[in-house]
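Student: mind looking at a prediction? Sequence and model below.
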Amino acid sequence: MKVKVLSRNPDDFVRETKYDIQRVPRNYDPVLNPFEVGREYTRALNATKLERVFAKPFLTSLDGHRDGVNCMAKHPKSLSTLLSGACDGEVKVWDLTRRECVRTIQAHEGFVRGMVVRFCGTSFFTVGDDRTIKQWNMEAPGYGQEEEPLSTILGKTVFTGIDHHQSDAVYVTCGQQVDVWDEQRSSPVRSFSWGDASFSSVRFNPVETEILASCATDRSIVLYDMRDAAPLKKLIMSMNSNTLCWNPMEAFYFTAANEDYNLYTYDMRHLDKPVTVHMDHVSAALDVDYSPTGREFVSSSFDKTVRIFAKDSGTSREIYHTKRMQHVICVKWSADNKYILSGSDEMNIRLWKANAAEKLGKLAPREREAVNYNEKLKEKFQHHPKIRRIAKHRHLPKPVYNQAKELKFMKESRRRKEMNVRKHSKPGSVPVVSEKQKHVVAVVK
């Protein structure tokens, strides 16, 4: 009797390791794998549970300021450099790799209201309550030399914000009016104003670099074009906006942090209603900053929390808080999309992971494959009730939890009252107004 024997080369299916892990060939035919969905669901459930177990977003705090941190600025060329300004006029330059302060400057008398690094990274500008704009060298002075600004401009009123052009030697400030400055001149080359209101913040569009947007104290958001002599549009809302940030990947979109606890994403071409209303904070939203991918943004609030929103989601995917953190005044998303920095009024700057459960450091190839596989499984089963509940659950501070419950009750009461009024009124006399349209008062051109 003749028998044919299968023979295989061991090098094809045995790995060169001390454990000799054998490579098992798999057939992915669904007919031969009838329990595949059940196995994948179990793996997705375990991956979701482990993600919440290993979610430890807080990395470190940067101590050194003697007053509340009022503003921060990112370096456009260096990931490890951060600048922060405090309420006592002090500016600090931090090395995030070593987690220490490398330079301290007494820049202003009173609050440091705003700061920005020049597009080439060689110098930075600060504005403060002493009505001055100062330009500083990014490199520290030599041994024995005094710290002096490169240039100082004395204004007529207090400056409340500053931003720099992406590629030109032009910067913009705001206060009683919005001023556009050339770095070589001591007077503004163009000034914009609309009414008697003052301005709290101003931002250049990072894509359409000639476009500006500012938040004013008369509850408005004003758009400008530097090539025009007058402002373009004015959006009036029901409450003040504290600051705004442009989407770095989509030139038409910006997000404003408002006093009514919400954040609003607008399309600058259609200001009659916001694209999305982001509604999870329980106190005034103070600052907002986009991720470099433009898919998410981070916001800080007077409720002592930091939240991360998807650009098209009305609820946050993450909330960061600690027992000692007080009102979070400013927040920044790092240029490598991995970290978030928050400055609060108890003199601390905190460093967080943008993805709370992400493992930092270099991953082995098999570990990277396992992480990618688990991410795909969680995405596949994300709408299953049990997995969705575990993935969305967050422990909240007791005051935030109680206030969120109270706000939910108040909103439901207003909705029920409106329905009762509409039911007992003449048909059409009480129109249905969507949540997006409730907060826009007018758009003026």
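Tutor: That came through fine.
Student: where does this structure have low pLDDT?
Tutor: 10-24 (pLDDT under 70).
Student: torsion angles phi and psi at Thr265?
Tutor: Dihedral pair for Thr265: phi -100, psi 120, per degrees, to the nearest 10.
Student: ok, Glu51 next?
Tutor: phi -60, psi -40.
Student: and it, what does it touch?
Tutor: Counting by Cβ atoms under 8 Å, 6 or more residues apart in numbering, Glu51 makes contact with Ala357, Lys378, Ala391. Where you see a C-beta, it was placed from the backbone N, CA and C, and this is true even at glycine.
Student: same thing but 7 Å
Tutor: Listed by Cβ atoms under 7 Å, 6 or more residues apart in numbering, the contact partners of Glu51 are Ala357.
Student: do you know how far it is from Gln382?
Tutor: 12 Å (Cβ to Cβ, to the nearest Å).
Student: and the closest residue to Lys233 other than its chain neighbours, what element?
Tutor: Leaving out its chain neighbours, the residue that sits closest to Lys233 by Cβ to Cβ, 6 or more residues apart in numbering is Leu223, at 4.7 Å. Take DSSP states H and E as the rule and Leu223 turns out to sit in strand 220-225.
Student: Provide the strand pairings for that strand, with the direction of each partner.
Tutor: strand 211-216 (antiparallel), strand 233-237 (antiparallel) (DSSP bridges).
Student: sorry, back to before: identify the bridge partners of the residue nearest to Lys233.
Tutor: Going by DSSP bridges, Leu223 forms beta bridges with Ala213, Lys233.
Student: ok, it touching Trp246?
Tutor: No: taking Cβ atoms under 7 Å as the definition, Leu223 is not a contact partner of Trp246, at 10.9 Å.
Student: of these two, who's got more company?
Tutor: Under the criterion of other Cβ atoms under 10 Å, the comparison of Leu223 against Trp246 puts Trp246 first, with 23 against 19.
Student: ok, what's across the strand from that one?
Tutor: Bridge pairing for Trp246 - DSSP bridges - gives Phe254.
Student: for Tyr41, helix, strand, or coil?
Tutor: helix (DSSP: H, G, I helix; E, B strand; the rest coil).
Student: distance of the spatially closest residue to it that is not a sequence neighbour from Thr48?
Tutor: Nearest residue to Tyr41, sequence neighbours excluded (Cβ to Cβ, 6+ apart): Phe381, at 5.8 Å. Phe381 is 8 Å from Thr48, where distance means Cβ to Cβ.
Student: check Tyr320 too.
Tutor: 20 Å.
Student: return the set of buried residues in stretch 357-370.
Tutor: For stretch 357-370, the neighbour count (16 or more other Cβ atoms under 10 Å) marks no residue as buried.
Student: same question, stretch 207-218
Tutor: For stretch 207-218, by 16+ other Cβ under 10 Å, it's Val207, Ile211, Leu212, Ala213, Ser214, Cys215, Ala216.
Student: same thing with stretch 28-44?
Tutor: Buried, per 16+ other Cβ under 10 Å, within stretch 28-44: Tyr41, Ala44.
Student: now do the helices in the chain.
Tutor: Along the chain, counting by DSSP state H, helices occupy 36-53, 365-380, 385-392, 398-423, 435-438.
Student: need the ones you listed in a markdown table with distance to Asp345, can you?
Tutor: Output for those, formatted as a markdown table (distance: least, Cβ to Cβ, whole Å):
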| stretch | distance to Asp345 |
| --- | --- |
| helix 36-53 | 30 |
| helix 365-380 | 37 |
| helix 385-392 | 30 |
| helix 398-423 | 17 |
| helix 435-438 | 31 |
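Student: pull up the overlap in contacts between Phe381 and Thr48.
Tutor: Counting by Cβ under 7 Å, 6+ apart, the residues touching both Phe381 and Thr48 are Ile387.
Student: sorry, back to before: I figured the residue nearest to Tyr41 was touching Ile387, is that so?
Tutor: Yes: Phe381 lies in contact with Ile387 (Cβ under 7 Å); the separation is 5.2 Å.
Student: overlap of the contact sets of these two?
Tutor: With Cβ under 7 Å, 6+ apart, Phe381 and Ile387 have common neighbours Ala44.
Student: now stretch 52-66: buried residues?
Tutor: Applying 16+ other Cβ under 10 Å to stretch 52-66 flags Pro57, Ser61, Leu62, His65 as buried.
Student: the nearest residue to the first one once chain neighbours are set aside: how many residues sit nearby?
Tutor: Excluding its sequence neighbours, the residue lying closest to Pro57 (Cβ to Cβ, 6+ apart) is Ala356, at 3.9 Å. Neighbours of Ala356 under the rule other Cβ under 10 Å: 19.
Student: also Val433?
Tutor: Around Val433 there are 9 other residues, counting by other Cβ under 10 Å.
Student: what's the answer for Glu183, then?
Tutor: Neighbours of Glu183 using other Cβ under 10 Å come to 16.
Student: all strands for the stretch 201-350 of the chain, in order.
Tutor: 211-216, 220-225, 233-237, 241-246, 253-258, 263-267, 276-278, 285-290, 296-301, 306-310, 316-320, 328-333, 339-344, 349-353 (DSSP state E, counting those that start in this stretch).
Student: what are the C-alpha coordinates of the third one, in PDB please?
Tutor: Which is strand 233-237. Extracted in PDB, the C-alpha atoms of strand 233-237 (Å, rounded to 0.1, in the frame of the first residue of the first chain):
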ATOM      1  CA  LYS A 233     -20.300  90.000   9.100                       C
ATOM      2  CA  LYS A 234     -21.500  90.200  12.700                       C
ATOM      3  CA  LEU A 235     -23.200  87.400  14.500                       C
ATOM      4  CA  ILE A 236     -25.200  88.400  17.600                       C
ATOM      5  CA  MET A 237     -25.900  85.600  20.100                       C
END
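Student: closest one to Gly142 among the strands paired with strand 220-225?
Tutor: strand 211-216 (37.7 Å; Cβ to Cβ).
Student: what separates the closest one from the chain centre, distance-wise?
Tutor: Taking Cα atoms, centre = their mean, to the nearest Å, one finds the center of strand 211-216 at 18 Å from the center of the full chain.
Student: now swap in stretch 53-72 and tell me
Tutor: 15 Å.
Student: now stretch 334-345
Tutor: 8 Å.
Student: how about it: buried residues?
Tutor: Applying 16+ other Cβ under 10 Å to stretch 334-345 flags Ser334, Ala335, Tyr339, Ile340, Leu341, Ser342, Gly343, Ser344, Asp345 as buried.
Student: ok, so of those residues, who is nearest Asn372?
Tutor: Tyr339 (21.3 Å).
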